[in-house]
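# structure, please.
(2 chains)
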Protein chains: 2
Amino acid sequence: MTTPTAPAPVIDPAADVVALTRALVDIPSESGEEAALADAVETALRALPHLTVERIGDSVVARTGLGRDRRVIVAGHLDTVPAAGNLPARLDPERLHGLGACDMKGGVAVALRLAATLTAPVHDVSYVFYACEEVSGDRNGLARIASERPELLHADLAILMEPSDAGVEAGCQGMLMADITVRGARAHTARAWRGVNAAHRAAAVLQRLDDHTAERVVIDGLEYREGLSAVAVRAGVAENVVPDNCVITVNLRFAPSRSPEQAEAYVRDLFPAYEVEVTEVTPGALPGLDRPAAASFVAAVGAEPRPKLGWTDVARFTALGTPALNYGPGDPSLAHTPGEYVPLAQLRACETRLADWLQRR
Amino acid sequence: MTTPTAPAPVIDPAADVVALTRALVDIPSESGEEAALADAVETALRALPHLTVERIGDSVVARTGLGRDRRVIVAGHLDTVPAAGNLPARLDPERLHGLGACDMKGGVAVALRLAATLTAPVHDVSYVFYACEEVSGDRNGLARIASERPELLHADLAILMEPSDAGVEAGCQGMLMADITVRGARAHTARAWRGVNAAHRAAAVLQRLDDHTAERVVIDGLEYREGLSAVAVRAGVAENVVPDNCVITVNLRFAPSRSPEQAEAYVRDLFPAYEVEVTEVTPGALPGLDRPAAASFVAAVGAEPRPKLGWTDVARFTALGTPALNYGPGDPSLAHTPGEYVPLAQLRACETRLADWLQRR
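Below you'll find the predicted structure:
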């Protein structure tokens, strides 16, 4: 199906959500290779007269234009991580298994079903299917839309169909990476006392990390549990040399109430005696559950929202002024695992809840 | 001079020791590339009727056979570390600069001068010029002689002409390498509390190293100062992953009174709670200053012997039952530095002292 001479794959967005998920899984779409799937999505949506469709790279945006008071975005990424012997899809009575079933072709299938079947929702809806979520941010399809056509991402609420066990996961935590460098002085190990061993001195930094108790920050009733972890330690010049520096790379997950600047200050304050170089920082996203559209959606789903501890593209919507939630079928801890699957009941529940909410007067 | 069609280099071992050192420096002999220099040494020595010459690989052994009561070995390695812009040799009024001037073509020049000029020393002398000292032990030319012709290395004393500032450095410390592994449990950093961060736990190991006071062991009046150093720390799976192991590589320099087994037990006892894998252990060499030949040589040199803290090939002689000392021109801390040089006064002093001792009745 993926050789150049094979017929282009075709999907039927009006099909049953399980069959549709299966069809999506069976169209390979590793990051950067989403063209065939984007073509299929674009073709299917262009056939629907109630939608206006645009293509931006390998991302597809389809909008209703009903003149409603509010607009809602339903978004999902088309790409997957590389295959791990988990294609084609395999169906059992309760689960659909296969690459991307959980992250996040199940969510994409729900969104396509809604796009095809809800011709007159109570809110205008923009469906956003985008490329390259699983790779570095500079390639992210949503970031490209935000850069080229930011107005397409302005709405009263964005629902990002990342796997969240068919519950609402609100906001997301921010993430900061920093290198902490401990300095010493080189010496030959036969005369180690002439040097200062940076690896030995790094004990104080690692002990501080071990002693550190991450904060738990409550926002809109949701508890964001932070975390500060050494994710790499590097020291070593040669077998016979006292190392003159040791670099500890730390990863901070911070509550969305902290700004990137505050997160950086937080890390610097913990290690005032060392060189701290922040190499990456990404703001979180506040849950925004006090916003009317979000509150209405949470009420419709009927379950207690949970905090999203990982980082997702909801932060990009938030940065554009659009409140965003994660809501999708699948257990997030199965994402990127060879055995990923999506429970059929969650596929159906997500479709039903979203359809009900979008049709309620 | 080093192209295939160039004439083979020639040395005159009866030349002045400074001129001879300069000539040796100007014959490149990086480890593994000693053939041209070994050829020159072999040719020069074969011309001397008082010596019996053998070639073993790119090592050359030349012996007197006078039937003396004692036999002394004078040894030096022919190879150097790679060049670092420090060729050809450069002479100033007090120093000869250039690759290997210090480590150890100065010492080799002294040995060649003795070989050429002392036709009837009071002890029989075996001159050993060997290859591949600066690389891993399995390539070492002295080890090859020890394996193929061990009788050539049996003597009452071996004088290894490693740079020691023209003083006697006795014995050498042993060396042990070990990997200490700290275990944890992986987790996504967004839920770091579900894992156990091995890098954080490594703080205890590094702190113990930092707190550790190395022992000072006195043998034959010489103080061997030991050292235990982390020379590498490695942890890290990915940016978003709590690492599940951290490996600290330690280098122990231990006094020659400890056996390798005792050295290993010493490290294991310091880290009873962790996995300790010994990857390399090399015994030291006792100074052996109580042996008559060594005592006589030390008295002839006239300066207080010092302990050798680094590891040198004296340990190979010791393992064969031959007491060995380091005695050679040049500051050992300049070895392997681009700016290495040898003081001319030390070249002459080493030659004079050795010649006097070997001619004294």
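# how about the worst-scoring helix or strand of chain A on mean pLDDT and chain B, touching?
Of all helical and strand segments in chain A, the minimum by mean pLDDT, DSSP states H and E falls on strand A:187-188, at a mean of 86. Yes. Strand A:187-188 comes into contact with chain B (CB under 8 Å from any CB of the partner chain), by way of residue A:188. (Glycine included, C-beta is placed from N, CA and C.)
# distance from the chain centre to that strand, please.
Offset of strand A:187-188 from its chain centre (CA atoms, centre = their mean, to the nearest Å): 47 Å.
# name the element residue A:356 belongs to?
Using DSSP states H and E, residue A:356 sits within helix A:344-359.
# now do residue A:288
Here residue A:288 is assigned to no helix or strand, by DSSP H and E.
# repeat for residue A:18
helix A:17-25.
# check which helices and strands that helix sits against.
strand A:95-97, helix A:106-117, helix A:344-359 (3 or more CB pairs under 8 Å, 6 or more residues apart in numbering or on different chains; DSSP states H and E).
# out of these, nearest to residue B:163?
strand A:95-97 (68.1 Å; CB to CB).
# and for that closest one, what's in contact with it?
Applying CB atoms under 8 Å, 6 or more residues apart in numbering or on different chains, the set of residues contacting strand A:95-97 from outside is A:18, A:21-22, A:25, A:86, A:89-91, A:101, A:106, A:339-344, A:347.
# quick one: distance of that strand to the chain centre.
Relative to its parent chain, strand A:95-97 has a centroid offset of 21 Å by CA atoms, centre = their mean.
# list the contacts of the nearest residue to residue A:195 once chain neighbours are set aside.
The shortest distance from residue A:195 to any non-neighbouring residue, by CB to CB, 6 or more residues apart in numbering or on different chains, is to residue A:187 (2.7 Å). Neighbour list for residue A:187: A:193-195, A:241-242 [criterion: CB under 8 Å, 6+ apart].
# secondary structure and pLDDT added to these, as JSON lines?
Listed next are the contacts of residue A:187 as JSON lines, based on DSSP: H, G, I helix; E, B strand; the rest coil; pLDDT from 0 to 100:
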{"residue": "A:193", "secondary structure": "helix", "pLDDT": "92"}
{"residue": "A:194", "secondary structure": "helix", "pLDDT": "89"}
{"residue": "A:195", "secondary structure": "coil", "pLDDT": "93"}
{"residue": "A:241", "secondary structure": "strand", "pLDDT": "87"}
{"residue": "A:242", "secondary structure": "strand", "pLDDT": "92"}
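# could you pull out the strands for the stretch 1-150 of chain A?
Taking DSSP state E, counting those that start in this stretch to define them, one finds strands in the stretch 1-150 of chain A at A:52-56, A:59-63, A:71-77, A:90-91, A:95-97, A:124-130.
# in JSON lines: the ones you listed, plus mean pLDDT and mean neighbour count.
Listed next are the strands of the stretch 1-150 of chain A as JSON lines, based on pLDDT from 0 to 100; neighbours: other CB atoms under 10 Å in any protein chain shown:
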{"stretch": "strand A:52-56", "mean pLDDT": "98", "mean neighbour count": "16"}
{"stretch": "strand A:59-63", "mean pLDDT": "98", "mean neighbour count": "25"}
{"stretch": "strand A:71-77", "mean pLDDT": "98", "mean neighbour count": "26"}
{"stretch": "strand A:90-91", "mean pLDDT": "97", "mean neighbour count": "16"}
{"stretch": "strand A:95-97", "mean pLDDT": "98", "mean neighbour count": "22"}
{"stretch": "strand A:124-130", "mean pLDDT": "98", "mean neighbour count": "24"}
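# so, low pLDDT: which residues of chain A?
A:1-6, A:361 (pLDDT under 70).
# I'd guessed residue A:38 sits against residue A:59; true?
Yes. At 6.9 Å, residue A:38 counts as touching residue A:59 under the criterion of CB atoms under 8 Å.
# give me the common contacts of these two.
The overlap between the contact sets of residue A:38 and residue A:59 (CB under 8 Å, 6+ apart) consists of A:78, A:129, A:131.
# what's the distance between the first one and chain B?
Translated: residue A:78. 22 Å (CB to the nearest CB, to the nearest Å).
# and if you look at the second one?
Distance of residue A:129 to chain B, given as CB to the nearest CB: 25 Å.
# what are the bridge partners for the nearest residue to that residue once chain neighbours are set aside, then?
Excluding its sequence neighbours, the residue lying closest to residue A:129 (CB to CB, 6+ apart) is residue A:60, at 4.7 Å. On the basis of DSSP bridges, residue A:60 is bridged to residue A:55, residue A:129.
# so residue A:60 is in contact with residue A:38, correct?
Yes. Contact criterion CB under 8 Å: residue A:60 and residue A:38 qualify, at 5.8 Å.
# which neighbours do those two have in common?
In contact with both residue A:60 and residue A:38: residue A:129, using CB under 8 Å, 6+ apart.
# quick revisit: ranking the helices and strands packed on helix A:17-25 by burial, who's on top?
helix A:106-117 (a mean of 27; mean count of other CB atoms under 10 Å in any protein chain shown).
# tell me what it is packed against?
helix A:17-25, helix A:35-46, strand A:71-77, strand A:124-130, helix A:344-359.
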